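Trainee: here you go, sequence then predicted model.
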Amino acid sequence: MTRLSVNINKIATLRNARGGNNPDLIQVARDCERYGAQGITVHPRPDERHIRYEDVRTLKKTVTTELNIEGNPDPAFIRLIEETQPDQVTLVPDAPSAITSNAGWDTIKHQDFLSEVITHLKQFSKRVSVFVDPSIDMVQGASLAGADRIELYTEPYAQLFLTNKEKAIEAYIKAAHEAMRLNMGINAGHDLDLNNLHYLKQNLRGLDEVSIGHALICDALYLGLENTIQLYLKQLQ
């Protein structure tokens, strides 16, 4: 079964736009779980422009499925992981100014750094995942660095899917096969939606988890949160 982890960053963005606590981020996380989501994902950034570090601390106390914390492992992020001890940490090479994630790690160039960070964070989390482009070399580098899982960066897949879905999935199939050969788990995320999710699920053997936020929250504006989560879960069957 491929699990759905709902990224609630956009809920925090909406809350922060007016101050106060509307919408209630913690209640939305509870509701996502109640509606069938098997995990909650957050990606705190240094400027706390959406998810705040205090949100993460509160979510750790309230999430009953799996809490996945994404981010660039700077000292503040590492301290947050040490404190909250989530179910999963996903390392993402975001620059502080990045609007959203736009590339995976070069796991060969940064292998020594990743190895040191992963070894440390495994003391505080059940698993560590590394965000990578769909490249066999990058998957191998993540394995050598000690990662438990990879998260495949799927924006290129989503873009090409619109015109050539067979071509779009090719590199991802190869990367997933390599991850399975290396006994690594496989996650995926970025720009996945109700149009392209089922095809990804059909073609990637061993897909453990997808993390979806922006498209899911946009769909929920029209379809309602409970219905939207059910629709995404259906795509993963």
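Mentor: Here it is on my side, so go on.
Trainee: and the strands in this protein?
Mentor: Per DSSP state E, the chain has strands spanning 3-7, 39-42, 67-71, 88-91, 127-132, 149-153, 185-189, 207-212. These are given in chain order.
Trainee: hang on, Ala171 packs against Pro134?
Mentor: Yes. The pair Ala171 and Pro134 passes the contact test of Cβ atoms under 8 Å, sitting 4.0 Å apart. Every C-beta, even on glycine, is put in place using the N, C-alpha and C of the backbone.
Trainee: how far out from the middle of the chain is stretch 85-95?
Mentor: Between the mean C-alpha location of stretch 85-95 and the chain-wide mean there is a distance of 8 Å, by Cα atoms, centre = their mean, to the nearest Å.
Trainee: repeat that for stretch 47-67.
Mentor: With Cα atoms, centre = their mean as the basis, the mean position of stretch 47-67 lies at 14 Å from the chain mean.
Trainee: show the average pLDDT along it.
Mentor: The average pLDDT within stretch 47-67 is 96.
Trainee: for the chain, which segments are assigned as helices?
Mentor: 9-18, 25-34, 53-62, 75-84, 111-121, 136-144, 155-161, 165-181, 197-203, 214-223, 225-235 (DSSP state H).
Trainee: for the nearest residue to Ser125 once chain neighbours are set aside, which residues are in contact?
Mentor: Distance criterion Cβ to Cβ, 6 or more residues apart in numbering; nearest residue to Ser125, sequence neighbours excluded, is Val89 at 4.6 Å. When the contact criterion is Cβ atoms under 8 Å, 6 or more residues apart in numbering, the partners of Val89 are Asn68, Ile69, Glu70, Ile81, Leu121, Phe124, Ser125, Arg127, Val128, Ser129.
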